[in-house]
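S.K.: below are the sequence and a predicted model for it; my questions follow.
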Amino acid sequence: MNNKYLKYSLLFFFLILCQAYVFGRINFMGAVNPQVFILFVLLVPVYSQSGLMILAFLLGFGVDLLMGSGGMHAASSVCIAFVRPFILRLVSEKGRFDSAACPVSARSKSELFRYFALSTVLQSLVIYSLDAWRLYRTAQAVRYALISAGMTWVLSVLIYPFVRDPVRS
Amino acid sequence: MRRLLQLAYRLRHLFLFLLLETAALYLTFQYSAYHKALFFCLTAEINGYLFSKKESLTAFFHLREENQSLLKENARLRGQLRAFQYRTAAPSTVVNDAFYHQQYTCIPAEILGMTTRSRNNKISINRGREQGVGENMGVIADGGIVGIVDGVSRNYARIIPIISSYSHVCARLKKGNFFGFLSWNGKDYRIAQLEEIPGHAPINVGDTVISDSNSAIFPAGMPIGTIRRVERGHPAGFYTADVDLFIDFASLRHVYVVKNLLKAAANKVQNPHTHE
């Protein structure tokens, strides 16, 4: 159990640093960055919604502190934490899981991919809407969000095998 | 009550979600300069719209005072017309703004909202970027200087008046040309403080204080007020004086935003190494 806490604590700080100093500086097309830090919110085995939201806020706030972006990352990760149970129920294959409390690592690949896809699209939409904050820039914000979600999804699928062990233990 | 508590308990996740989102949005608009500016523009537009509605309702009741004020200003301006002036033998006695080598244009504006009782007073006007108002432009009224434009949205602007603790305006004594800094101690909106006047300056109660051209914000020589009281202040060797302001902020309704057409050139001369 302690080992699990340690691994997730390390993952928490590792993803904040990676987001702030690597993924947050890609600036593809001028402003598009993958939001890989939300992988922690998607994977952490905390099934209390309130606990998960507080952790997500701290995670996003950590990224915001290092990137000087105010509270945009915190807002988007809290949003994902809030809807995580609903998304998990939505992507569950019929008859397999009725509860959102089932560990992510126990789910099939297709479930996982859909779970990542929905979450990344939602998170990117939140973050790029906040970034644009103007109605006339909505189309651009949606375009950036979809590209960012695609990049995040690909990176999440690639990174997932390396970070899934803590979930299994 | 019990049911209410049960409902609150059932919705606790939603409450926490709203609380955390509010905190995150607050941080976004407080610490990100871009979002702060956007938020200011949005609130300025909404505030301006509401104030203008209120103004259109109350303006009718002030028509008599407005007419009196306009008549006075008309009379003063007519007095400055060539046809109204007496030509003396020496042509240099004709006083116009060219004497100060500056070029200014005025944008008339109406005050939509103003505070006079706060320590950090603010004024909102119904002119913004669309009408040519920009940040750091001076604002004057019939009678003296009012303040400096602090923020501009599309159709509205916010002014930091000289009766704000944030305000520091360069001013000088009309007699003797010694200059100091005009600030406000937050006590009485009719009295400002002129600080850091050199100790050897001849200063007396009743002397006129006017604007200085150092900042290129106000035309030189705009009236500010008269000296009310003088005392040796800080730093040692300098005077601090209370100034009775000419402008009565409590009855102020119309102002002019002053645009210095030569400001860019003046800045370039003052800061030759600054790249724009």
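M.R.: Yes, it's here. Residues are numbered from 1 along each chain as shown, chains lettered A, B, ... in the order given.
S.K.: in chain A, which residue sits nearest chain B?
M.R.: Taking CB to the nearest CB as the measure, the point where chain A comes nearest chain B is residue A:71, at 3.1 Å. Using the backbone N, CA and C atoms, a C-beta is placed for each residue, glycine as well.
S.K.: my read: that residue touches residue A:64, true?
M.R.: Yes. Using CB atoms under 8 Å as the test, residue A:71 is close enough to residue A:64 to be in contact (5.5 Å).
S.K.: overlap in contacts, the two.
M.R.: Contact criterion CB atoms under 8 Å, 6 or more residues apart in numbering or on different chains; residues bridging residue A:71 and residue A:64 by contacting each: residue B:27.
S.K.: picking up where we left off before, quick check, pLDDT for the residue of chain A closest to chain B.
M.R.: The confidence metric pLDDT takes the value 88 at residue A:71.
S.K.: got the contact list for the residue nearest the centre of chain A?
M.R.: Closest to where the C-alpha atoms of chain A average out (CA atoms, centre = their mean) is residue A:38, at 2.2 Å. Applying CB under 8 Å, 6+ apart to residue A:38 gives the contacts A:76-77, A:80, A:119-120, A:123, A:152.
S.K.: please confirm that it is located within a helix.
M.R.: Yes. Assessed by DSSP: H, G, I helix; E, B strand; the rest coil, residue A:38 belongs to a helix.
S.K.: OK, contacts around the residue of chain A closest to chain B?
M.R.: Contact partners of residue A:71, counting by CB under 8 Å, 6+ apart, are A:60-61, A:64, B:23-28, B:31.
S.K.: excluding covalently adjacent residues, which one is nearest to residue 132?
M.R.: Chain wasn't specified; assuming chain A. Leaving aside its sequence neighbours, residue A:132 sits nearest to residue A:141 (CB to CB, 6 or more residues apart in numbering or on different chains; 3.8 Å).
S.K.: could you do chain B instead?
M.R.: Leaving out its chain neighbours, the residue that sits closest to residue B:132 by CB to CB, 6+ apart is residue B:107, at 5.7 Å.
S.K.: now do the strands in the stretch 51-200 of chain B.
M.R.: All strands of the stretch 51-200 of chain B, identified by DSSP state E, counting those that start in this stretch, fall at B:104-114, B:123-125, B:138-141, B:144-152, B:157-161, B:169-173, B:179-183, B:191-198.
S.K.: tell me where the chain has helices.
M.R.: In the absence of a named chain, chain A is used. Assigned by DSSP state H, chain A shows helices spanning A:2-21, A:39-43, A:49-67, A:72-91, A:109-132, A:138-163, A:165-168.
S.K.: try chain B instead
M.R.: Applying DSSP H to chain B gives helices spanning B:2-10, B:12-31, B:33-58, B:63-78, B:263-270.
S.K.: between those helices, which gets nearest to residue B:210?
M.R.: Using CB to CB as the measure, helix B:63-78 is the one of these that comes nearest residue B:210, at 16.6 Å.
S.K.: may I have that closest one as CSV, with CA atoms only?
M.R.: Once side chains and other backbone atoms are set aside, the C-alpha atoms of helix B:63-78 remain, and they are given as CSV (Å, rounded to 0.1, in the frame of the first residue of the first chain):
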residue,chain,number,x,y,z
LEU,B,63,-30.0,70.2,-17.3
ARG,B,64,-30.2,73.5,-15.6
GLU,B,65,-26.8,73.2,-13.9
GLU,B,66,-25.3,71.8,-17.2
ASN,B,67,-26.6,74.9,-19.1
GLN,B,68,-25.1,77.2,-16.5
SER,B,69,-21.7,75.4,-16.8
LEU,B,70,-21.8,75.4,-20.6
LEU,B,71,-22.6,79.1,-20.6
LYS,B,72,-19.7,79.9,-18.4
GLU,B,73,-17.3,77.8,-20.5
ASN,B,74,-18.6,79.4,-23.7
ALA,B,75,-18.0,82.8,-22.2
ARG,B,76,-14.5,81.9,-21.3
LEU,B,77,-13.7,80.4,-24.7
ARG,B,78,-15.2,83.4,-26.5
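S.K.: how many residues are close by residue 49?
M.R.: No chain specified, so I'll use chain A. Counted with other CB atoms under 10 Å in any protein chain shown, residues neighbouring residue A:49 total 19.
S.K.: chain B is the one I meant
M.R.: Here the count is done by other CB under 10 Å, and residue B:49 has 14 residues near it.
S.K.: how about the residues of chain A by chain B?
M.R.: A:49-50, A:53-54, A:57, A:60-61, A:64, A:68-72, A:74-75, A:78-79, A:82, A:130, A:133-134 (CB under 8 Å from any CB of the partner chain).
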